[in-house]
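**Q** Predicted model and sequence follow; I will ask about them next.
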Amino acid sequence: MSTAASGIPVPSAVGEGLKAAFRTHPAGVAIITAATPEGPVGLTASSVASVAVDPAAIVFSVTRATGSAGGLLSADTFVVHLIDHDHSALAQSFAVSGSERFTPEQQWSTLPTGEPYLPAARFALRCRAIQTVPVGTSSVVIAEVLEVFSGPQGRPLVYVDRKFHALPHPS
């Protein structure tokens with residue numbers, strides 16, 4: 001990766017090829033939230049994957065360690081919400097910096113442990129980071145799953161070619 005005159009990293013040809021390849025590779029969509037001293041933070045992620053069941057663990061990545069990502073990285077615990085197509089507008093809101101988040105209309109709640117919680121999520125995984133690995137301008141987070149909450153089951157939401165899409169309802 002090289003750096004532009006503005007100091008912003010510019011992907012190499014291989015990096016651009018990687019972006020193009022994954023643009024056409026469907027990924028599940030999650031909203032990750034945490035409570036910080038400055039208030040609740042959250043972001044949309046399409047990099048969440050299961051790692052192990054014993055101990056229960058997941059992995060995801062965030063770009064940069066500022067804003068919501070920085071809040072998540074510094075939080076003791078966070079909640080990974082696996083969301084359905086009904087939440088595509090919410091996913092878009094949490095994907096855009098400065099968008100409205102945690103409004104009463106979005107129907108957020110708070111877990112007894114303090115993290116922002118979306119009861120309408122298909123599943124919510126309360127986690128704590130067990131390892132964070134810096135990779136370029138991103139951080140890969142390996143997290144232990146502490147609790148699993150299940151919610152209503154709708155049509156799964158995937159992200160492909162820079163858009164959200166609904167899958168058929170699982171039978």
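**A** Good, I have the coordinates.

**Q** Quickly run through the sheet partners of the helix or strand where Arg126 lies, with directions.
**A** Element membership for Arg126, per DSSP states H and E: strand 123-135. Strand 123-135 has its sheet partners listed here by DSSP bridges as strand 78-82 (antiparallel), strand 138-150 (antiparallel).

**Q** right, and those - which one's nearest Val53?
**A** Each of the strands paired with strand 123-135 has some distance to Val53 by CB to CB; the shortest is strand 138-150, at 9.1 Å. Yep, even glycine has a C-beta here, placed from its N, CA and C like the rest.

**Q** circling back: most neighbours per residue, which of the strands paired with strand 123-135?
**A** strand 78-82 (a mean of 24; mean count of other CB atoms under 10 Å).

**Q** which outside residues touch that one?
**A** Contacts with strand 78-82, where a contact means CB atoms under 8 Å, 6 or more residues apart in numbering, come from 28-34, 45, 48, 58, 60, 72, 111, 115-118, 121-129, 143.

**Q** what sits against Phe94?
**A** 31, 42-44, 68, 101.

**Q** for the residue nearest in space to the middle of the chain, which residues make a bridge with it?
**A** Closest to where the C-alpha atoms of the chain average out (CA atoms, centre = their mean) is Ala45, at 2.9 Å. Applying DSSP bridges to Ala45 gives these bridge partners: Ala30.

**Q** these two touch, right, it and Thr63?
**A** No: look at Ala45 against Thr63 with CB atoms under 8 Å: they stay out of range, at 9.8 Å.

**Q** Of the contacts of Phe94, which is the nearest to Pro170?
**A** Nearest member of those to Pro170, counting by CB to CB, is Ile31, at 20.0 Å.

**Q** Kindly state the beta-bridge partners for the nearest residue to the closest one once chain neighbours are set aside.
**A** What sits nearest to Ile31 in space, not counting adjacent residues and going by CB to CB, 6 or more residues apart in numbering, is His81, at 4.6 Å. Beta-bridge partners of His81, counted by DSSP bridges, are Ile31, Ala124.
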